[in-house]
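Student: requesting a structural model of the entry that follows:
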Amino acid sequence: METITMSPNELKKLLRETFIDVLTHRKDLIEEAVIEAMEDIGLGVAMEEGRTGEYVNKGAFMRKIEKRLKGAK
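Tutor: Got it, this is the predicted structure:
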């Protein structure tokens, strides 16, 4: 493998060109990244809102889940 040496300005230019190319030709990648980030933020907010310090009995929780699953069929 060969080592390539470039100046910081050359590296910036290369990164800028690559980023522009991705934005121009691969919008799907950007869209997926934005959607995933928004989902992560939403999940984080939901987790913070759900933290009350109160806990639910596992058996009661499982019964409710099973009841909803049966109702969805």
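Student: got the contact list for the longest helix seen in the chain?
Tutor: As assigned by DSSP state H, the longest helix anywhere in the chain is helix 27-50. Contacts to helix 27-50, defined as C-beta atoms under 8 Å, 6 or more residues apart in numbering, come from residues 22, 23. Just so you know, the C-beta spots here come from the backbone N, C-alpha and C atoms, and that holds for glycine as well.
Student: can you list the low-confidence ranges for the protein?
Tutor: Scanning the chain for pLDDT under 70 picks out 73.
Student: of all residues in it, which one is nearest the centre?
Tutor: In the chain, the centroid-proximal residue (C-alpha atoms, centre = their mean) is residue 36; its distance is 3.1 Å.
Student: okay, that residue and residue 44: tell me how far apart.
Tutor: To residue 44, residue 36 is 13 Å away according to C-beta to C-beta, to the nearest Å.
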